[in-house]
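A.B. asks: just need the structure, nothing else, for what follows:
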Amino acid sequence: MELKVNLDKNSYPIYIESGILEKAEQYITQVFRGKRIMIISDDHVFPLYGQKLIQALPSFACSHLVLPHGETTKSFKTLPLIYTAMLENQITRSDLVIALGGGVIGDLAGFAASSFLRGVKLVQIPTSLLAQVDSSVGGKVAVDLPQGKNLVGAFYHPKLVLIDPDVLDTLPERYITDGMGEVIKYGCIRDAALFETLNSRHSFEDLKDQLSSIIYRCVDIKRAVVENDQFDTGERMLLNFGHTLAHTIEQYYHYERESHGEAVAIGMYQITRLSEKAGLSVPGEAERIRSVLNTYGLPFQCGLPVSDLTDAIKLDKKNLDNHLNVVLLHSIGDSYVYPTNLDFFKTAGMI
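C.D. replies: Sure, this is the predicted structure:
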């Protein structure tokens, strides 16, 4: 399966194919003419797929950097380690960085590539479900600050995205669950039929025969949205459904309790519950979301009073001139951006 993100000079192809990791050179040579590649990965992914990727790139001089797994690695203080490794391996602007990993590695390696020497070519090879359906596409790269998630970042598009569904077979169950939070999001914001497909199954195992097509559908939705709003000033905000609360929950627990997908799940349910209460969504949609979250083992509440999250919500990137844009649903598959302020959350109580 092939898609193309059409952004003029920033356009790039996305390939989705079982076993594509072993054919990486065939695709990379279409977008890269240099000789030196640096692979950035983590200590979960590299032992599984690092050497396989290096062996699949025999025409290139490959170096690698292996970082600790987990959201806490996506920190500003990690960047000097990456820059030092790039310098030691003599990476120049004519070379290539490959992000081999989940969303943390994709964001972190992408930001390092965007900023080192003012830009080194980037290829994304996502190895988690969340990264395959969402974070590897769209060109958002970032690091976290103690005050909040993704507060330092850039728009920096890859030259190529290679998605191999086979690598998901080695993912721990929680990482599959994590990714399903973002899959469900796409059904909520743009595709009622996808939502019903997810809702009609009893577990992730029931989806496996459709996994490539589900990944394709999620990526295609994101492709279309990004093409219409590359720099996140309008329609692209819809991709952040559930994220206003999700990022604050993650940050509150120092990225050590809820995973990103789990926090998004909570955010989607809770924001829809609030919007129904305010008459801004069709009644019953929150319970439909809660039902599908239960099917895939995702949470719908975190047990915090919303007052504990207010300071972090103020730092949300959609908070502009004290006006907060939240993403709501008219109904499943039909989302919109609703301008409001922090008062929107006053009736939330515990979330």
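A.B. asks: tell me the mean pLDDT for stretch 85-92?
C.D. replies: Confidence over stretch 85-92 (mean pLDDT, whole number) is 96.
A.B. asks: any idea how far that stretch is from the chain center?
C.D. replies: The chain centre lies 27 Å from the centre of stretch 85-92; the measure is CA atoms, centre = their mean, to the nearest Å.
A.B. asks: name the residues that touch it?
C.D. replies: The contact list for stretch 85-92 (CB atoms under 8 Å, 6 or more residues apart in numbering) reads 36, 38, 63, 65, 97, 112, 116-117, 120. In short, each C-beta sits where N, CA and C put it, glycine included.
A.B. asks: name the helix or strand for Ser335, please.
C.D. replies: strand 334-340 (DSSP states H and E).
A.B. asks: what of Phe111?
C.D. replies: Here Phe111 is assigned to helix 103-115, by DSSP H and E.
A.B. asks: and the next helix or strand past that helix?
C.D. replies: strand 121-126.
A.B. asks: average model confidence for the helix or strand following that following strand?
C.D. replies: The first helix or strand that comes after strand 121-126 along the chain, using DSSP H and E, is helix 129-130. Helix 129-130 carries an average pLDDT of 96.
A.B. asks: again with stretch 155-172
C.D. replies: 95.
A.B. asks: now stretch 209-227
C.D. replies: 94.
A.B. asks: contact partners for the residue nearest to the spatial centre of the chain?
C.D. replies: The chain has Ser135 as the residue nearest its centroid, 2.7 Å off, counting by CA atoms, centre = their mean. Neighbouring residues of Ser135 by CB under 8 Å, 6+ apart: 102-103, 106-107, 126.
A.B. asks: what's around Leu298, how many residues?
C.D. replies: 25 (other CB atoms under 10 Å).
A.B. asks: still on that earlier bit, distance from the strand holding Ser335 to the middle of the chain?
C.D. replies: For strand 334-340, the distance to the chain centre is 21 Å (CA atoms, centre = their mean).
A.B. asks: elements contacting it?
C.D. replies: helix 173-190, strand 323-331 (3 or more CB pairs under 8 Å, 6 or more residues apart in numbering; DSSP states H and E).
A.B. asks: output it as CSV, nothing but the C-alphas.
C.D. replies: Provided in CSV are the C-alpha atoms of strand 334-340 (Å, rounded to 0.1, in the frame of the first residue of the first chain):
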residue,chain,number,x,y,z
ASP,A,334,-18.1,14.4,12.8
SER,A,335,-15.7,16.6,14.8
TYR,A,336,-15.2,20.3,15.1
VAL,A,337,-13.0,22.9,16.9
TYR,A,338,-14.9,24.8,19.6
PRO,A,339,-13.5,28.1,20.8
THR,A,340,-13.8,28.5,24.6
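A.B. asks: which residues are contacting it?
C.D. replies: With contact meaning CB under 8 Å, 6+ apart, strand 334-340 is reached by 188-190, 192, 234, 237-238, 241, 275, 280, 323-330.
A.B. asks: ok, Phe111 touching Val141?
C.D. replies: Yes: the pair Phe111 and Val141 passes the contact test of CB atoms under 8 Å, sitting 4.1 Å apart.
A.B. asks: what do the two both touch?
C.D. replies: 153-154, 156.
A.B. asks: format those residues as CSV; extra columns: distance to Ile221.
C.D. replies: Shown next, in CSV, are those (distance: CB to CB, whole Å):
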residue, distance to Ile221
Gly153, 22
Ala154, 23
Tyr156, 21
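A.B. asks: let me know the closest of the residues you listed to Ile28.
C.D. replies: Using CB to CB, Tyr156 is the member of the shared contacts of Phe111 and Val141 that lies nearest Ile28, at 17.7 Å.
A.B. asks: before we move on, back to that, so in that sheet, which strands flank the strand holding Ser335, and in what orientation?
C.D. replies: strand 323-331 (antiparallel) (DSSP bridges).
A.B. asks: so what touches the strand it pairs with?
C.D. replies: Contacts for strand 323-331 (CB under 8 Å, 6+ apart): 188-189, 192, 237-238, 240-244, 271-272, 275, 280-282, 285, 313, 316, 318-319, 335-342, 344.
A.B. asks: return the subset of the residues you listed lying in strands.
C.D. replies: Cross-referencing the contacts of strand 323-331 against strands under DSSP state E gives 319, 335-340.
A.B. asks: report the buried residues of stretch 157-170.
C.D. replies: For stretch 157-170, burial by neighbour count (16 or more other CB atoms under 10 Å) applies to 157-165, 167-168.
A.B. asks: between the residues you listed, which sits nearest Gly19?
C.D. replies: Distances from Gly19 to these, taken by CB to CB, are shortest for Asp164, at 6.6 Å.
A.B. asks: from Leu48, how far off is that closest one?
C.D. replies: Distance of Asp164 to Leu48, computed by CB to CB, to the nearest Å: 12 Å.
A.B. asks: likewise Ser114?
C.D. replies: 26 Å.
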